[in-house]
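Undergrad: Fold the following and give me the result.
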Amino acid sequence: MASSTSATSQVDQNQFLQLMVKQLQSQDPLNPTDSGQMLAQLAQFSTLSGMEKLNTSFSEMLTLQEISQGSNLVGKQISYTNTSGASASGTVSAVNMSNGSVSLTVGKDSVSLSQITGFTGA
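TA: So this is what the prediction gives:
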């Protein structure tokens, strides 16, 4: 996920720089582009780039937190809503990571953290 976001950001940065170069090449020499506006655009672009990196970091931090929460439940009895909508319970035997989401193995079920309705401890 992070690599696709990074690739998209890189394409956007390249497009922005190409647009800026075209603007500078096609400006009227007798009426040049205001350097203040150009600096404002660069500052906005830099801020946007920083926010994208921050969002990526927060996403990675959330994933690490979910892995930590899941690993703390290994060996504990949990109650959860299974995929058919019925209440179930069992002991967590493993934590899995697939396609960027964390799930727990309870018996033969794969349970996401959002399906958990409670836990009893051991």
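Undergrad: do you know how far L64 is from T56?
TA: Distance, L64 to T56, using CB to CB, to the nearest Å: 13 Å. C-betas here are computed from N, CA, C, even on glycine.
Undergrad: for L19, same thing?
TA: As for L19, its distance to T56 is 24 Å (criterion: CB to CB).
Undergrad: related to what we said a few turns ago, L64 and T56: which has the busier surroundings?
TA: Taking neighbours as other CB atoms under 10 Å, L64 and T56 compare with T56 leading, 15 against 11.
Undergrad: Where does that one sit: helix, strand or coil?
TA: What DSSP: H, G, I helix; E, B strand; the rest coil gives for T56 is helix.
Undergrad: so which strand or helix has V21?
TA: Using DSSP states H and E, V21 sits within helix 2-25.
Undergrad: go on, S79?
TA: strand 77-81.
Undergrad: helix/strand/coil for G85?
TA: Under three-state DSSP, the three-state class of G85 is coil.
Undergrad: Look up how far T117 lies from it.
TA: Distance from G85 to T117, by CB to CB: 12 Å.
Undergrad: Is V74 in a helix, a strand, or coil?
TA: Here V74 takes the coil state, with states given by three-state DSSP.
Undergrad: Show me what the closest residue to it other than its chain neighbours is bridged to.
TA: With CB to CB, 6 or more residues apart in numbering as the measure, V92 is the residue that lies nearest to V74, at 5.2 Å, once sequence neighbours are left out. Counting by DSSP bridges, V92 is bridged to V106.
Undergrad: right, and V92 touches I78 too?
TA: Yes: with contact defined as CB atoms under 8 Å, V92 reaches I78; the gap is 5.9 Å.
Undergrad: Quickly list what's touching both of those two.
TA: Jointly contacting V92 and I78 under the rule CB atoms under 8 Å, 6 or more residues apart in numbering are 104, 106, 111.
Undergrad: what residue ranges in this structure are flagged as low confidence?
TA: Within the chain, the segments meeting pLDDT under 70 span 1-11, 121-122.
Undergrad: Secondary structure element holding the most centrally placed residue in the chain?
TA: With distances taken as CA atoms, centre = their mean, S59 lies nearest the centre of the chain, 3.6 Å away. Following DSSP H and E, one finds S59 within helix 35-72.
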